[in-house]
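1. All I have is the shape, not the residue letters:
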């Protein structure tokens, strides 16, 4: 659940900065992406899997240059620089992370209900 929460937060940050501009390519916002790793933990006869967050990296895609000589942040050649955020990709990430988070909540709620039902059987 924490991995999906991180995915949602990073996607929200990318979407919030998608329309920001800069006067140079170095100062512009770059889309960020979480990096995960699957972790197999051996417990008895079972091997449950979990996810570990390795970090957050910036997207290497080139930033967008737009010719707008009248813009206050335009460089000497009249260009402004916009983030490399792909709105469609970010929206797909948000929907996927949101649904995965909801599924995890449902699994936890079902497990809790089953455990409580099991405890009531002994009464």
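-> Nice, I can see it. Note that the structure is a prediction, hence the values are computed from the model and not measured. Residues are numbered from 1 along each chain as shown.
2. tell me the helices in the protein, going along the chain?
-> Here the chain has its helices, by DSSP state H, at 2-16, 87-121.
3. Which strands and helices lie in contact with the last one?
-> By that I understand helix 87-121. Using 3 or more CB pairs under 8 Å, 6 or more residues apart in numbering; DSSP states H and E, the elements in contact with helix 87-121 are helix 2-16. Every residue, glycine included, has its C-beta placed from N, CA and C.
4. Residue 1 against residue 105, yeah?
-> Yes - assessed by CB atoms under 8 Å, residue 1 is found in contact with residue 105 at 7.3 Å.
5. what about residue 59, how many neighbours?
-> Residues contacting residue 59 under the criterion other CB atoms under 10 Å number 16.
6. for it, what are its contacts?
-> Residue 59 is in contact with 30, 31, 32, 33, 84, counting by CB atoms under 8 Å, 6 or more residues apart in numbering.
7. Mean confidence (pLDDT) on stretch 111-121, please.
-> The pLDDT scores in stretch 111-121 average 90.
8. re the thing from before, return the closest of the contacts of residue 59 with respect to residue 56.
-> Using CB to CB, residue 32 comes nearest to residue 56 of the contacts of residue 59, at 5.3 Å.
9. contacting residues for that closest one?
-> Per CB under 8 Å, 6+ apart, neighbours of residue 32: 10, 13, 14, 56, 57, 58, 59.
10. I'm done for today, thanks for sticking with me.
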